[in-house]
Structures are given as structure tokens and as C-alpha cells.
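Asker: Give me a model of this one.
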Amino acid sequence: MSERTKVVDKTTSSTTTTQDATTEVSKVGVITVAAFGVVVGLWSLACIVGGMAASGGPLAFVGDWFKAVTGM
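Answerer: You can find the predicted model right below:
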């Protein structure tokens, strides 16, 4: 006599991911602030380089800045 056993193995896996609208808005806000910071940083660097070029060098730039701030 032979005994047979039928084994049925079913594996189901389900993954659900939910994201809040608050999380997405927060991500957009962080990216916007970071992009604005980069733009401001690049603009300030361009202004400093332009000021140095107009003054005639870094030392003249510092001297001209000091004169402008103190009013001499």
C-alpha cells in the first residue's frame, strides 16, 4: 500500500505603502528652501567677485568696503 499526501503551499505577500500629503508637502518645502539657498549663495559669490574686479583686487576690495561701511 502506498500512501500519498497532497501538499499545497501557497505564499502570498502584500506590501502597501502609504504616504501622507503632509510628508509630500514637507519634501517640496525642504527642496524649495534648499534651492533658494543655493541661488542666494551663488548670487552673493557673483557680487563679491564683481566687487573685487571693480576695486582692483582683494586688498582694494577690503579697503573700499571698509570706507563704504565707515563713511570715510
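Asker: just how off-centre is the strand or helix carrying residue 46 within its chain?
Answerer: Using DSSP states H and E, residue 46 sits in helix 21-55. Per C-alpha atoms, centre = their mean, to the nearest Å, the displacement of helix 21-55 from the mean C-alpha position of its chain is 9 Å.
Asker: and that helix, what other elements does it pack with?
Answerer: With contacts taken as 3 or more C-beta pairs under 8 Å, 6 or more residues apart in numbering; DSSP states H and E, helix 21-55 sits against helix 58-70. Heads up, the C-betas are built off the backbone N, CA and C, glycines and all.
Asker: who touches the helix it packs on?
Answerer: For helix 58-70, contacts defined as C-beta atoms under 8 Å, 6 or more residues apart in numbering pick out 48, 51, 52, 55, 72.
Asker: For that helix, could you pull out the residues that count as buried?
Answerer: residue 61 (16 or more other C-beta atoms under 10 Å).
Asker: Report the inter-axis angle for that helix versus helix 21-55.
Answerer: Angle of helix 58-70 versus helix 21-55, following axes from the mean of the first three to the mean of the last three C-alpha atoms, to 10 degrees, is 110 degrees.
Asker: which residues of the chain score low on pLDDT?
Answerer: Applying pLDDT under 70 to the chain flags the ranges 1-2, 17-18.
Asker: that older thread, write the ChimeraX selection for whichever of the contacts of helix 58-70 are buried.
Answerer: Of the contacts of helix 58-70, the buried ones can be selected in ChimeraX as follows, counting by 16+ other C-beta under 10 Å:
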select :52
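Asker: Noted, bye for now.
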